[in-house]
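> Compute the structure for the input listed below.
(2 chains, ligands or ions: 2)
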Amino acid sequence: MIVIKAQGLTKVYNPDTVPVHALRSVDLEVHQGEFTAIVGPSGSGKTTLLNILGGLDRPTAGKVWINGTDISTLSENKLIDFRRDHIGFVFQSYNLIPVLTARENAEFVMLLQKWPRAERLARTEQLLREVGLADKMDYRPSQLSGGQQQRVAVVRALAPKPRFILADEPTANLDSVSTRNLLDIMARLNEEERVTFLFSTHDQRVIERARRVVTLEDGKIVADETFDR
Amino acid sequence: MIFRIAWRNIWRSPLRSWVVIVAIAMGVWAVIFLMGFSIGMGNSYVVSAIRLEVSHIQLHHPEYLKDFDVRYYIERADTLAREVAQEAGVRHVSPRTLVHGMVATARGSRALRVRGIDPQAEAAISQLDAKLVEGAYLPQGKRHAIYMGKKLAERLGVRLRSRVVLTFQDIDGHITSAAFRVAGLFDTNNNAFEESTALVRREVLNEILGYTGIAHEVAVLLDDAALADTVAARLQARFPQLDVQTYVQRSPEIRLFESQISTSVYIIMVIVMLGLIFGIINTMLMAVLERVRELGMLMAIGMNRFRIFAMIVLETVMLGVVGTPMGIALGAVMIQWFQIHGLDLSHYAQEGLAEFGISAIIYPDVYPGMYVELAIAVFITAMLGSIYPALKAIHLRPVEALRKI
Ligand SMILES: Nc1ncnc2c1ncn2[C@@H]1O[C@H](COP(=O)(O)OP(=O)(O)O)[C@@H](O)[C@H]1O
Ligand SMILES: [Mg+2]
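Ligands and ions are numbered 1, 2, ... in the order given. Model prediction:
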């Protein structure tokens, strides 16, 4: 089943002053259950692509369908609700609400989606345990390491069972142990929960873990390889 | 959850939040104090004007008020007074015989209003017995006693037991004179009244006028000033041959004064709230601008604009919710204290205030609902103050907000 379908995505920043062609006619299909890395050097357009696929930004040309919905037809407000209900996000940093504990952060999107309390608590607790944060649930982000914070962000994205999770360089600020740890967790959750992961990176160790690697260069897809890992 | 986030967000910059909270508390406190003070001052004037001059309701001969002619008196005033006293809502009734004349002493003469009263009935209304500073309040047995203000006595150059001669026109138009002896002096905070009015026994004045049981005015004090209109209407229906007027009709400036006080009270409130609103806008704008990335992230993961807006408004309102009770408590305690001890302005403005019939010791007062009105005012102020910052917040675009590093 195709979860994301992008056709002819083009993005030009500052079209009127100093145009920057961040994406040049990108076509992409992502299937249910994939564990896919978008790779490429800095400035190649990874963030731009993920933002457009996630409905955070609009392309200059081209279209994105998510579960068959053409998201360019959605209003700004509808788009916020659409993101909440269908997409999980993990950013490079500033993922968590600093005044909430790990547990409260983890259940935040479920809360926005109005999940029943018991179910919400049970699921976030189980997931936090699974990612090794059983004893950190009541800590605030500032009391957690960068790796732990990213794990909370992954749990928050995953908890409400979205169609897919977009993660823009989730390991960029992590040391190698934390990076491996987070990738293990993402891979395991991808297996267990059958959740689709689409993450960008330029870290070779992360690329090696992906089962599909889409390479961007200068806003164009230059390679799309699948590995059996 | 929004409540929890908003509440905790406030305490991310405790100092900044406390500045706003304290500003709100001080603003509320200042408004309470200024309002209490103006109301107390107004009450002092109104109470004094009602007690001393017009009471709540007055009954006259329909012609009397035109030019205070002694010929237009009310017959069998004592019976009338008793009947009026039975009316619901009426607390005290005092029949008064009034003459306008001259008072002559060794030093000179002066125009004077002489109020012939029944000492007990009058005391219940004007409470002039309590203002006694020297001598006695129209003592029993001394028929030709006169009770006058200390200031008037000074003007006339008389003292206790001095003789004064009153000259006035009697009912038949003849000029009459009568000698009185100063029995007591009073001191009110109302110069105009004190210098123009003296009290004698009504039956003595009636005797001089040559009639018994008459009065020119029946003054009525009610349980509550608010009853004035209804009781006056009932009395008018019951005594159609008389002219029944409320204090508002007799003394429109009282109403003016009252409305001016409430206007100034609202102006004070608006000024203080205006001051607060700019502080609030400034603070909340800072709070929004230093959280741009976080707000972008919240919108990215699906917190909609309504919720973001609500969160910012809530944070602001919460500052008010913390600050307002503090200000109210402070203000209420202060009002309580001054209600017992009075705020003594005599060092600053005794004479000035007395010219207006206002006591130099002010007992601040609040009206029921004032604290609620204030709380609502702060609430509205906080809401208004948060609108601009909240709009700023919801107009952030998540991608741009997230890119700001
Ligand atoms: N808001 C923006 N305005 C102008 N240029 C931008 C903006 N965002 C990104 N770019 C440019 O677009 C290109 C792609 O950027 P980006 O998508 O962030 O790449 P990556 O994530 O691979 O580093 C870069 O040249 C970058 O400078
Ligand atoms: Mg990037």
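> Which other helices and strands does the helix or strand A:Thr10 falls within contact?
For A:Thr10, the host element (DSSP states H and E) is strand A:2-13. Counting by 3 or more Cβ pairs under 8 Å, 6 or more residues apart in numbering or on different chains; DSSP states H and E, the packing neighbours recorded for strand A:2-13 are strand A:20-31, helix A:46-53, strand A:61-66. Where you see a C-beta, it was placed from the backbone N, CA and C, and this is true even at glycine.
> Enumerate the positions of the last one that are buried.
This means strand A:61-66. Burial within strand A:61-66, assessed by neighbour count using 16 or more other Cβ atoms under 10 Å in any protein chain shown, is assigned to A:Gly62, A:Val64, A:Trp65, A:Ile66.
> neighbours around the residue of the stretch 51-200 of chain B at minimum distance from ligand 1, how many?
Closest approach of the stretch 51-200 of chain B to ligand 1 (Cβ to the nearest ligand atom) occurs at B:Asn189, with a separation of 73.6 Å. A count of neighbours around B:Asn189, defined by other Cβ atoms under 10 Å in any protein chain shown, yields 21.
> same question, B:Ala300
24.
> The closest residue to A:Leu144 other than its chain neighbours: neighbouring residues, count only.
Once flanking residues are discounted, A:Leu144 sits nearest to A:Lys136: 6.1 Å by Cβ to Cβ, 6 or more residues apart in numbering or on different chains. Per other Cβ under 10 Å, the neighbour tally for A:Lys136 reads 19.
> Look up how far B:Arg4 lies from A:Lys136.
To B:Arg4, A:Lys136 is 19 Å away according to Cβ to Cβ, to the nearest Å.
> List the residues that contact the spatially most central residue of chain A.
Note on chain A: the residue nearest the mean C-alpha position is A:Leu166, at 1.6 Å, using Cα atoms, centre = their mean. Taking Cβ atoms under 8 Å, 6 or more residues apart in numbering or on different chains as the contact definition, A:Leu166 lies against A:Leu50, A:Leu53, A:Gly54, A:Ile87, A:Gly88, A:Phe89, A:Val90, A:Leu198, A:Phe199.
> which residue ranges form the strands in chain A?
Under the criterion DSSP state E, chain A contains strands at A:2-13, A:20-31, A:35-39, A:61-66, A:69-70, A:87-90, A:164-168, A:196-201, A:212-217, A:220-226.
> and if you look at the stretch 151-300 of chain B?
Taking DSSP state E, counting those that start in this stretch to define them, one finds strands in the stretch 151-300 of chain B at B:163-169, B:175-186, B:197-201, B:217-222, B:243-246.
> So what are the sheet partners of the last one and their directions?
Neighbouring strands of strand B:243-246 in its sheet, by DSSP bridges, are strand B:57-60 (antiparallel).
> Leaving out sequence neighbours, find the closest residue to whichever residue of chain A sits closest to chain B.
Of all residues in chain A, the one sitting closest to chain B is A:Arg84 (2.3 Å; Cβ to the nearest Cβ). Closest residue in space to A:Arg84, ignoring its immediate chain neighbours: B:Gly302 at 2.3 Å, by Cβ to Cβ, 6+ apart.
> In contact with the one you found, which residues are there?
A:Ile80, A:Asp81, A:Arg83, A:Arg84, A:Asp85, A:Val109, A:Leu112, A:Gln113.
> Just give me the neighbour total for B:His144.
With neighbours defined by other Cβ under 10 Å, the count for B:His144 comes to 16.
> which residues sit in contact with it?
Listed by Cβ under 8 Å, 6+ apart, the contact partners of B:His144 are B:Ala178, B:Ala179, B:Phe180, B:Arg181, B:Val200, B:Val204.
> Could you pick out the buried ones from those?
Neighbour-count burial (16+ other Cβ under 10 Å) is assigned, among the contacts of B:His144, to B:Ala178, B:Phe180, B:Arg181, B:Val200, B:Val204.
> pLDDT value on the residue of chain B most remote from its centre, please?
The C-alpha centroid of chain B is most remote from B:Arg403, which lies 60.7 Å away (Cα atoms, centre = their mean). With respect to pLDDT, B:Arg403 scores 76.
> Tell me the spacing between it and ligand 1.
With distances taken as Cβ to the nearest ligand atom, to the nearest Å, B:Arg403 is found 6 Å from ligand 1.
> now do B:Asn9
For B:Asn9, the distance to ligand 1 - Cβ to the nearest ligand atom - is 28 Å.
> State the helix or strand in which that residue lies.
Under the criterion of DSSP H and E, B:Asn9 resides in helix B:2-10.
> Going by distance to chain A, which of the contacts of B:His144 wins?
Closest to chain A, out of all of those and judged by Cβ to the nearest Cβ, is B:Val200, at 78.1 Å.
> Specify the beta-bridge partners of the closest one.
B:Gly116, B:Ile146.
> Pretty sure it sits against B:Phe180.
Yes: using Cβ atoms under 8 Å, B:Val200 is in contact with B:Phe180, at 6.2 Å.
> quick one on the thing from earlier: could you dump the strands of the stretch 151-300 of chain B into JSON lines with distance to B:Gln140 and mean pLDDT added?
Converted to JSON lines, these look like this (distance: least, Cβ to Cβ, whole Å; pLDDT from 0 to 100):
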{"stretch": "strand B:163-169", "distance to B:Gln140": "20", "mean pLDDT": "91"}
{"stretch": "strand B:175-186", "distance to B:Gln140": "11", "mean pLDDT": "93"}
{"stretch": "strand B:197-201", "distance to B:Gln140": "10", "mean pLDDT": "94"}
{"stretch": "strand B:217-222", "distance to B:Gln140": "22", "mean pLDDT": "94"}
{"stretch": "strand B:243-246", "distance to B:Gln140": "32", "mean pLDDT": "94"}
